[in-house]
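Asks: Using only what follows, build the 3D model:
(chains A and B, ligands or ions: 1)
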Amino acid sequence: MMSSSNPNRLNASVRPGRIDRTRTIHATVDGRAVPGRPGDTLASAMLAGGDIEVGPSIQRGRPRGVFSADCTEPNALVQRLDGDCPEPMLPATEIELQDGLRVETLSGVGWLSEQRDTAGYDKKFVHSDVVVVGAGPAGIAASLAAARGGARVMLVDQHRELGGMLLDGQAHIAGHPATEWIGRAARELAENEQVRVLTRATALGCYDHNYLLIAERRADHPDAPPSPTIRQRLWHVRAKQVVLATGAHERPLVFADNDRPGVMLASAVRSYLNRHAVLPGREAVVFTTSDSAYSTALDLLGTGARVPAIVDTRPEPPTRLVEQVRAAGAHVVTSAAVVATGGEHRVSGVRVRGIDGNGSLTEWSAEFPCDLLAVCGGWNPAVQLFAQSGGAVRWDPVVAGFVPSGAGGRSARVVGAARGTYDLAGCLAQGFASGAEAATLSGFRTAPPPVPQVDGDRQASRPRPVWLVPDESRSPEECTEHFVDQQRDATVADIHHALGTGMRSVQHVKRYTTISTGLEQGKSSGVNAVGVLADALSAGSPGEVGTTTFRPPYTPVPLALFAGRTTGRLYDPVRTTPMHRQHVEAGAVFEDVGQWKRPRYYPRGNEDMHAAVLRECSAARTGVAVQDVSTLGRIEIVGSDAPEFLDRIYTNGFAKLAVGKARYGMMCGADGMVLDDGVSMRLAEDRYLMSTTTGGAAKVLDWLEEWLQTEWPELDVYCTSVTEQWAAVAVVGPDSRTVVGRLAPDLDVSAESFGFMRFHETVLVGGIPARISRVSFSGELAFEVNVARWYGQALWEATMTAGSDLDITPYGTEAMHVLRAEKGFVIVGQDTDGTVTPVDLGMDWAVSKHKDFIGKRSLSRPDLVRQDRVQLVGLLPTDTTTLLPEGAHLVEPDVSRRPPVPMAGHVTSSYHSAALERTFALGLISGGRQRIGEVLCAPVGGRDVEVEITSPVFYDPEGARRDGPEQG
Amino acid sequence: MLLVRCPWCGDRDEAEFRYGGQADVDYPADPHQLDDAAWGEYLFVRANPLGSFNERWVHTAGCRRWFSLVRDTATNEMSPDIPRRRESR
Ligand SMILES: [Zn+2]
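Replies: Coordinates of the predicted model:
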């Protein structure tokens, strides 16, 4: 009856199984070959070969065996060794057997590989009328009904083929084996082009407004192409209606030594028998609290196994079932429970005691030899997705499980076993009805099809859950071998220990004991823990204890799946200026500023950043240097009320700014904190061009539009982002006038004709229209030349040519930072952090006394006029070569260093200065402007750096260099 | 991912929007008429109800329009806001 290489494989005449017997394939487990058939899982192949034992348990090293046939598996966890990346903690019960599969068994914890996961992961975003999760009888029925109504249907199931629990049993539908009904349904759905069936796909999460995440496994199974491009795909689905037909998970039973290899869920035994044609044991005791395990007993008997006893906790199991198993050659022990198991690496026998109405053991006892103990502690409806989406669950004493509460008010419909309906006819009826209803509600009016005749129904007589089978000699506090969570090695004694510390909430007990924190996330351990707690607290029912929170993902998935293709170069969009190629050719080192790539510095030869920046700064202070400033945000502000609008937005006045002039402006939030800054030009009476910081452009546009739309809709103002329309260079240094003069031959660039903060429109050499302004962020004579974006490269080239004999030096953001810091100019977001006002920065000159603006009222709030607010100051380390780290804290020199140490302030910017020939910094110091000349300490790397407080303007405080050298 | 109904564009994913907090918190006509406590109230204090909440959204990655809606903070069920008549300024 058995084949030799797979001693436990049943003959096809006994059980055909859902396997392909024409092919043998091999996996390797811990270096040993494991043969099997396509259609096997790794676990079923191991069981076919007679291997039930897997890795020992995580904490206590106890022998453990394959326990389930689904995603609740606590023991048979393996690490994959083949494929693109060694993936940890995969249940052998869920891995499809395939040639070349290589794994090692684990003891409850896997390992992360240092190897990069090179497999392909992607995402797909779709809309659907009706999504049905779960392709058991209820889910198939729902899909058929909705599809027949014309709705776009998506049917999602974890497994390789449709059918769900029907494949584990022997039911008949309309007079034929259920597999025929499944086959017809699968064909009907496949032929309907409005229907998408996703198999090997797990609905991980069900979120607000019918949004689902589904992980599809496109590789790692025998039907996959040899080298699939995409290993897993994450589907983002927005549905009009969701039907959850997620089934139920069988509960284990909690008794002494319930973790011995050979103890297995009764439904798993049945699944291995019927789905995989594998007989996991020859002599099987069945221990149950409900009817479903009788089918397991009958299937075992029908395939030649011996069943020494069916141990039922109930005093009066249904007579029909008792007679059925008696006729098949087994007998039922009622009002009884398994209290102990024998054996070392596999169960060899069980001890059974009577159990009375209160759950106490009676004097009656018996012992039975066995190599398999099939257990059924009842069923947990799989309410995870329902609860995640906001649905409430309630304890149903009739089905002895947590079921969706009718009062949820949620749109997800739950059908079949997921709502505690375990009979096939009921599942089909609910499925058809909900599918038709979902289609109708999504716009496809249809009626449910008639429910076909079925047999093989489970009886629905009431289960009698026993949360804790008492130990024969020990109290519950001492039940250290009554396992509640096998993966975590957590026991009844652990729960009582948690109670002993004063915990009562199931949430606390879960975290304290680690029960339900493993791979199965409480699918099998959760309700048992609740039951043990309820008993210990003398609660009326598990419903009074409640459940822990159900959170996505439903089953574990690789993080790489969520990353998808958005890694590396595709992590974030990259923005480059038109001159980018020229910067690359000049050897620039780039930095990210928001999404922009900006040259940080341009090393020459073997220069490091330090040397390059000193050289670039010197060029700007003594000759001429050029920077690409195309990334600055630009917003055109147009309309008859534009002057009034800018007066309200900026802390300083813009309404009276003359056409042809530019002004530096600062803007604050309503709380008075600095938001952004930049120079705005008045192009015409009703037209300004605002510039923003590179990183602040989008935020500022949002800010302006918010005020225009929500507070001042009466203002005639339009804002348009024109950042992408312009390219610009800053030409800086004493020789910049010469360079710009050559660049713009028609323009009089003399100090007399072209004053500071003025702009002119002209045509550059080569006929490029340009707008040139005299603005300076370095204190040097400087020009900003703006051209239409597509002239960017030509502008850069023309500027470099015009300055070639003057050794015009391209400079990057680093030199720009140094040059501005030498002048005490702040960078919003570096020297400010959202808690700093213009007054704190010493920029009162930019704060109008005469007009109102956003944030002005806040500047007189008591907290903003405190004398000890932080203020921007300069900081000079006493040792001129010491560079303070940005972010370093500053403390009083004599203060005790016992925490908490009062903080005087911190360093916001810190650099080497070519002009000062020393290091320097800017910082925010409490009451700093009153403390110029005093000394503070910066504890850095275990030593104190002495720092003198100075004015923040280090270079050319008189502003003598702004207009450049005297002209002869 | 919420499904937010923009009055101009229809139902769109939440990712296209920016959340704007409680609706109908008007910028005071003259902030300088407010004492520190009242101004602080405007700046920092917002309702945080369990249940119906009138709130603002802006369709940042769409039509860029601001609008209000009513959301049940417990269930995230949303319904259109009935616009309140605003005082003219
Ligand atoms: Zn819109």
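Asks: Residue A:735 - nearest residue in space that isn't next to it in sequence?
Replies: For residue A:735, ignoring the flanking residues on the chain, the nearest one in space by C-beta to C-beta, 6 or more residues apart in numbering or on different chains is residue A:624 at 3.8 Å. Every C-beta, even on glycine, is put in place using the N, C-alpha and C of the backbone.
Asks: Can you report how many residues neighbour residue A:515?
Replies: For residue A:515, the neighbour count with other C-beta atoms under 10 Å in any protein chain shown is 29.
Asks: quick revisit: would you check that my belief about the residue nearest to residue A:735 contacting residue A:809 is correct?
Replies: Yes - the criterion here is C-beta atoms under 8 Å, and residue A:624 meets it with residue A:809 at 7.2 Å.
Asks: returning to what we had before: quick one, phi/psi of the residue nearest to residue A:735?
Replies: Residue A:624 adopts backbone torsions of phi -150, psi 140, taken as degrees, to the nearest 10.
Asks: next one: residue A:920
Replies: Note on residue A:920: backbone dihedrals following degrees, to the nearest 10 are phi -160, psi 170.
Asks: Which of the helices and strands in chain A ranks last by mean pLDDT?
Replies: Ranking every helix and strand in chain A by mean pLDDT, DSSP states H and E puts strand A:454-455 at the bottom, with a mean of 89.
Asks: Check the offset of it from the chain's centre.
Replies: 44 Å (C-alpha atoms, centre = their mean, to the nearest Å).
Asks: what lines up beside it in the sheet?
Replies: Strand A:454-455 has its sheet partners listed here by DSSP bridges as strand A:172-173 (antiparallel).
Asks: Quick one: residues in contact with the strand it pairs with.
Replies: Outside strand A:172-173, the residues that touch it by C-beta atoms under 8 Å, 6 or more residues apart in numbering or on different chains are A:178, A:180, A:181, A:424, A:428, A:452, A:453, A:454, A:455, A:456.
Asks: returning to what we had before: quick one: strands adjacent to the next helix or strand along the chain from the least confident helix or strand of chain A?
Replies: Sequence order places strand A:483-485 as the next helix or strand after strand A:454-455, per DSSP states H and E. Strands adjacent to strand A:483-485 in the sheet, as given by DSSP bridges, are strand A:490-491 (antiparallel).
Asks: what does the partner strand rub up against?
Replies: By C-beta under 8 Å, 6+ apart, strand A:490-491 touches A:479, A:480, A:481, A:482, A:483, A:484, A:513, A:514, A:515, A:525.
Asks: Can you name the residues of chain B that neighbour the ion?
Replies: Contact residues (C-beta under 5 Å from the ion) of chain B with the ion: B:6, B:8, B:9, B:59, B:62, B:63.
Asks: contacting residues around the nearest residue to residue A:192 once chain neighbours are set aside?
Replies: Distance criterion C-beta to C-beta, 6+ apart; nearest residue to residue A:192, sequence neighbours excluded, is residue A:147 at 5.1 Å. Neighbouring residues of residue A:147 by C-beta under 8 Å, 6+ apart: A:153, A:188, A:189, A:192, A:194, A:195, A:435, A:439.
Asks: Now the last one: which helix or strand?
Replies: Assessed by DSSP H and E, residue A:439 sits inside helix A:424-441.
Asks: Ramachandran angles for the residue in the stretch 351-500 of chain A that chain B sits nearest to?
Replies: The nearest approach of the stretch 351-500 of chain A to chain B comes at residue A:390, 6.2 Å away (C-beta to the nearest C-beta). Here is the backbone geometry of residue A:390 (degrees, to the nearest 10): phi 110, psi 0.
Asks: Just the pLDDT at it, thanks.
Replies: Per-residue pLDDT puts residue A:390 at 86.
Asks: likewise residue A:225?
Replies: So, for residue A:225, pLDDT stands at 87.
Asks: Tell me, how many residues neighbour it?
Replies: Neighbours of residue A:225 using other C-beta under 10 Å come to 8.
Asks: give me the element the residue nearest to residue A:650 when sequence neighbours are not counted is part of.
Replies: Once flanking residues are discounted, residue A:650 sits nearest to residue A:665: 4.0 Å by C-beta to C-beta, 6+ apart. Assessed by DSSP H and E, residue A:665 sits inside strand A:662-668.
Asks: what packs against that strand?
Replies: Using 3 or more C-beta pairs under 8 Å, 6 or more residues apart in numbering or on different chains; DSSP states H and E, the elements in contact with strand A:662-668 are strand A:674-684.
Asks: what lines up beside the strand it packs on in the sheet?
Replies: For strand A:674-684, pairing defined by DSSP bridges yields strand A:662-668 (antiparallel), strand A:687-692 (antiparallel).
Asks: does the spatially most central residue of chain B sit in a helix, a strand or a coil?
Replies: In chain B, the centroid-proximal residue (C-alpha atoms, centre = their mean) is residue B:56; its distance is 2.0 Å. Recorded secondary structure, residue B:56: strand (DSSP: H, G, I helix; E, B strand; the rest coil).
Asks: Dump the strands paired with strand A:674-684 to JSON lines, plus mean pLDDT, mean neighbour count and distance to residue A:327.
Replies: As requested, the strands paired with strand A:674-684 are exported to JSON lines (pLDDT from 0 to 100; neighbours: other C-beta atoms under 10 Å in any protein chain shown; distance: least, C-beta to C-beta, whole Å):
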{"stretch": "strand A:662-668", "mean pLDDT": "97", "mean neighbour count": "22", "distance to residue A:327": "87"}
{"stretch": "strand A:687-692", "mean pLDDT": "98", "mean neighbour count": "24", "distance to residue A:327": "85"}
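Asks: Filter the contacts of strand A:172-173 down to the buried ones, PyMOL style.
Replies: Entered in PyMOL, the line below selects the buried ones among these, by 16 or more other C-beta atoms under 10 Å in any protein chain shown:
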select buried, chain A and resi 178+181+424+428+452+454
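Asks: Which strands or helices does the lowest-mean-pLDDT helix or strand in chain B pack on?
Replies: When each helix and strand of chain B is scored by mean pLDDT, DSSP H and E, strand B:78-80 comes last, with a mean of 91. Judged by 3+ C-beta pairs under 8 Å, 6+ apart, strand B:78-80 is in contact with strand B:3-6, strand B:66-72.
Asks: which of the residues in it are buried?
Replies: residue B:78.
Asks: residues making contact with it?
Replies: Strand B:78-80 is contacted from outside by B:2, B:4, B:5, B:7, B:69, B:70, B:71, B:72, using C-beta under 8 Å, 6+ apart.
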